[in-house]
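Novice: build me a model from this:
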Amino acid sequence: MNGNATPKTRIAIAGAVGRMGQTLIAACAEHPDLDLSVAFEHAGNSALGSDVGLLAGLAASGLQLSSDAALATTSFDVLVDFTSPAATLIHAAACADQGRAMVVGTTGLDASQKAQLAELATRIPVMFAPNMSIGVNLCFALLATAARVLGDDFDIEIIEAHHRHKVDAPSGTALRMGEVVAEALGRDLRQSAVYGREGQTGARARDAIGFATVRGGDIIGDHTVLFAGDGERIEITHKASSRLTFARGALRAAGWLKGRPAGLYDMQDVLGLR
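Specialist: Numbering: from 1, shown residues only. Model (predicted):
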């Protein structure tokens, strides 16, 4: 290696056998500045010991699927985690103990779990975002502007659709869109959110932010925020057609995160949108 060359960022991938894990492996293989040093699953997974390249539908990589014990025994710079809330917090604690950075794309964390992650981020750099897509994060910025300009004269509804296997609803991205809009309007989303409607609901409250959820098929992720006024409607929509969109964003975040001071970051920081 040229003595002036920047060392590659060493990546660890959690939940490597899952749909997102396999996509991260594929995205890492195409990135010239990243080196996949460990990919792991929980102890007892039937694929342990398999070649991770073959698991992801690629050529053999020579790297075997490890158990999560590898977090304490393998050298890496950044862990990328799209698993489950409980598993993510276990992995985050291990990273904090080892002084390693972490990119978290896991959704469904409750307020207590988010607080635990924030506490761990006082010890290591953590990039936490409900959606790693560059396009979605641009939409967040556009939504804040639209909400400020349109104000309270427009009703706001958020519609999201995902595949049949998604276990949380509304999606983390939809909730973040609601938070962005609420913050721009000076509202508390906990008070304004309406999650689905049925029966005699009465007239729509002026400050409501509605959520509608669709689950079916293999939909990767569609999100629309509708601003409905008298005589006109504005829609800001993002549709994902491949999980590579999220994987590439997460790995961009991993490269950005390496060497940062401890703290809790999001994709707005990575993309320079704030």
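
Novice: what is the subsequent helix or strand relative to the longest helix seen in the chain?
Specialist: If you go by DSSP state H, the chain has its longest helix at helix 134-150. As assigned by DSSP states H and E, the chain's next helix or strand after helix 134-150 is strand 155-162.

Novice: quick one: the helices in the chain, in order.
Specialist: Using DSSP H, helices in the chain cover 19-29, 52-55, 70-73, 85-98, 111-120, 134-150, 172-185, 189-192, 244-257, 267-270.

Novice: out of these, the one nearest Ala212 is which?
Specialist: For Ala212, the closest of the helices of the chain is helix 172-185, at 9.0 Å, according to Cβ to Cβ. Just so you know, the C-beta spots here come from the backbone N, C-alpha and C atoms, and that holds for glycine as well.

Novice: who are the packing partners of that closest one?
Specialist: Helices and strands touching helix 172-185, as assessed by 3 or more Cβ pairs under 8 Å, 6 or more residues apart in numbering; DSSP states H and E, comprise helix 134-150, strand 155-162, helix 189-192, strand 209-215, strand 221-228.

Novice: okay, now the sheet partners of the second one, with direction.
Specialist: When you say that, I think you mean strand 155-162. Counting by DSSP bridges, the strands paired with strand 155-162 are strand 209-215 (parallel), strand 221-228 (antiparallel).

Novice: what mean pLDDT does it have?
Specialist: The average pLDDT within strand 155-162 is 98.

Novice: and it, how far from the chain's centre?
Specialist: Put simply, strand 155-162 sits 18 Å off its chain's centre (Cα atoms, centre = their mean, to the nearest Å).

Novice: what's next to that strand, contact-wise?
Specialist: Strand 155-162 is contacted from outside by 147, 170-171, 173-174, 177-178, 181, 204, 206, 208-216, 219-229, using Cβ atoms under 8 Å, 6 or more residues apart in numbering.

Novice: ok, stretch 246-266 next?
Specialist: Counting by Cβ under 8 Å, 6+ apart, 9, 11, 20, 23-24, 26-28, 31, 33-34, 77-78, 80, 82, 101-103, 105, 117-118, 121-129, 131-134, 137, 240, 267, 270 sit against stretch 246-266.

Novice: count the residues that sit near the residue nearest to Asp77 when sequence neighbours are not counted.
Specialist: Leaving out its chain neighbours, the residue that sits closest to Asp77 by Cβ to Cβ, 6 or more residues apart in numbering is Arg10, at 4.6 Å. Residues lying near Arg10 (other Cβ atoms under 10 Å) number 18.
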